[in-house]
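[1] Dropping the sequence and predicted coords here.
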Amino acid sequence: MSAPEAKARPPLPGRRRGVASAPEHWVVAEGARGGAEAPFVLRPAVEGVDLVAWARGRSAQVEEWLVRWGAVLFRGFGVRGAADFDALVAALTPGALPYLERSSPRSQVAGNVYTSTDHPPEYPIFLHNEQSYNLAFPRHIFFFCERAAPRGGATPIGDTRRVYRRLDPALRERFERQGYLYVRNFGGRLGLAWQEAFQTTDRAEVERYCRANAIEWAWGPGDRLRTRQVRRAVARHPRTGEPCWCNHATFFHVTTLEPAVRDALLGQLGGDELPNNTYFGDGSPIGPEELEALRAAYLAELVRFDWREGDVLMLDNLLMAHGRDPFEGPRRVLTAMATPCRWDDV
């Protein structure tokens, strides 16, 4: 799509255009970079377009772009803060979801808007699909760049349909048949406490959650907790039926951590006490060559773009994995999750 030839009358200074005067042609769909790589970029064709007003009633069109590209980037609309961001999420989805069964340190900013992660800035975060280890996970995830880092800090993305096609069929088949086992240890020296992960101090409440979500649990001495859950590795997209490599099997495996962090954890804790680790669904180890193949498939599909302040990135959480590059200097990227999706439905 291209900008209209006729010039639109500029808005009054300090005001944004309302929904009644925000026609389709006031937003330009530039498409993906080079016509082949996500994200699909949308920009205002004139100054002062109210993105939230424009988005109301256009969620179906945005969804079509998402199904094709996996990622839509709203750039140049002047999104100012958490309130604007939350309103955009509500305009395009049923609204932001709470962060349940937590695995990443995050700070709640307002409502169900959170910091994207409070993970130390010097470490990368590998590609993954948000909360795919939950029985119900968000179909959509949004990121808002409130402040871009002066150096680094990109949110790389990767198409899980392409990752799936890159993997050896025998490896895919084993994961499709067995799924993968995710093991967590809480209450040790490292990782989240179970009170933070489950947002409660009541052991009975944790047990109720685990029972309802097909999670095995065992309490140990010193307020320790170990959980085990088998999850699927491949989802079929509910709109297209395409297979998507949608899981945390690679992300949570100890060998995906930075070598110094991995070696320190293994030296201090040993394999059985790691905060997070993964296995094939039958409990057998995922071998080094298999893990290298998994990581290589993700990295071959990795796409980066530099954040600009005010950017909003919307991902189809089945189709597009995401991560984070290390950074220096101040950076503030917020996130919101939306549209519950159950593994039983994909």
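    Perfect, thanks for sending it. Residues are numbered from 1 along each chain as shown.
[2] Show me the helices in the stretch 151-300 of the chain, by range?
    For the stretch 151-300 of the chain, the helices defined by DSSP state H, counting those that start in this stretch occupy 160-166, 169-178, 194-198, 203-212, 259-269, 288-300.
[3] Out of those helices, which gets nearest to Phe327?
    Closest approach to Phe327 among those (CB to CB): helix 259-269, 17.0 Å. From N, CA and C alone the C-beta is placed, and that goes for glycine too.
[4] what sits up against that closest one?
    Helix 259-269 has contacts (CB atoms under 8 Å, 6 or more residues apart in numbering) with 123, 188-190, 254-255, 257, 274-275.
[5] Adding neighbour count, distance to Pro221 and pLDDT as columns, could you present those in JSON lines?
    Listed next are these as JSON lines, based on neighbours: other CB atoms under 10 Å; distance: CB to CB, whole Å; pLDDT from 0 to 100:
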{"residue": "Tyr123", "neighbour count": "13", "distance to Pro221": "30", "pLDDT": "93"}
{"residue": "Gly188", "neighbour count": "18", "distance to Pro221": "11", "pLDDT": "75"}
{"residue": "Arg189", "neighbour count": "9", "distance to Pro221": "14", "pLDDT": "71"}
{"residue": "Leu190", "neighbour count": "14", "distance to Pro221": "17", "pLDDT": "76"}
{"residue": "Val254", "neighbour count": "18", "distance to Pro221": "23", "pLDDT": "96"}
{"residue": "Thr255", "neighbour count": "15", "distance to Pro221": "29", "pLDDT": "95"}
{"residue": "Leu257", "neighbour count": "20", "distance to Pro221": "27", "pLDDT": "92"}
{"residue": "Leu274", "neighbour count": "23", "distance to Pro221": "18", "pLDDT": "92"}
{"residue": "Pro275", "neighbour count": "19", "distance to Pro221": "17", "pLDDT": "93"}
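[6] pLDDT below threshold where in this protein?
    Applying pLDDT under 70 to the chain flags residues 1-24, 31-36.
[7] Name the residue closest to the centre of it, please.
    Residue closest to the average C-alpha location in the chain (CA atoms, centre = their mean): Glu130, at 3.9 Å.
[8] so what's the backbone phi/psi at that residue?
    phi -50, psi 120 (degrees, to the nearest 10).
[9] and if you look at Pro39?
    When quoted as degrees, to the nearest 10, the phi and psi of Pro39 stand at phi -90, psi 160.
[10] OK, contacts around it?
    Residues near Pro39 by CB under 8 Å, 6+ apart: 32, 69-73, 157, 303, 305, 313.
[11] So which of the residues you listed is the closest to Met320?
    Nearest to Met320 among the contacts of Pro39 is Gly70, at 3.7 Å by CB to CB.
[12] The closest one against Ile141, yeah?
    No - counting by CB atoms under 8 Å, Ile141 is not a contact partner of Gly70; they are 11.3 Å apart.
[13] So His128 versus Trp245, what's the distance?
    Distance of His128 to Trp245, computed by CB to CB, to the nearest Å: 11 Å.
[14] shared neighbours, these two?
    Ala321.
[15] the more surrounded of the two?
    Taking neighbours as other CB atoms under 10 Å, His128 and Trp245 compare with Trp245 leading, 30 against 24.
[16] How about that one: which residues does it bridge to?
    Val234 (DSSP bridges).
[17] Nearest residue to Thr93 in space, ignoring adjacent ones along the chain?
    Ala338 (3.7 Å; CB to CB, 6 or more residues apart in numbering).
[18] Report the separation between that neighbour and Ala29.
    22 Å.
[19] Neighbour count: those two, which is higher?
    Ala338 (20 against 15).
[20] Could you give the number of residues near Pro330?
    11.
[21] That one belongs to a strand?
    No - looking at Pro330 with DSSP: H, G, I helix; E, B strand; the rest coil, it is coil, so not inside a strand.
[22] check contacts around the closest residue to it other than its chain neighbours.
    Closest residue to Pro330 apart from its sequence neighbours, by CB to CB, 6+ apart: Arg147 at 5.9 Å. Going by CB under 8 Å, 6+ apart, Arg147 touches 309, 330-332.
[23] And for Glu292?
    Neighbour list for Glu292: empty [criterion: CB under 8 Å, 6+ apart].
[24] Recalculate using a threshold of 10 Å.
    Contacts for Glu292 were tallied using CB atoms under 10 Å, 6 or more residues apart in numbering; they are Thr255.
[25] same deal with the one 10 residues further on?
    Applying CB under 10 Å, 6+ apart, one finds that Leu302 lies in contact with 126-127, 156-159, 163, 321, 323.
[26] in the sheet, who's paired with it?
    Counting by DSSP bridges, Leu302 is bridged to Gly158.
[27] before we move on, back to that, now that we have the contacts of Arg147, which of them are buried?
    Burial by neighbour count, judged by 16 or more other CB atoms under 10 Å, picks out Arg331 from the contacts of Arg147.
[28] nearest to Arg203, of the contacts of Arg147?
    Set against Arg203, the nearest of these by CB to CB is Arg332 (35.2 Å).
[29] The closest one contacts Phe144, doesn't it?
    Yes - using CB atoms under 10 Å, Arg332 makes contact with Phe144 at a distance of 9.0 Å.
[30] anything in contact with each of the two?
    By CB under 10 Å, 6+ apart, Arg332 and Phe144 have these common neighbours: 109, 116, 309.
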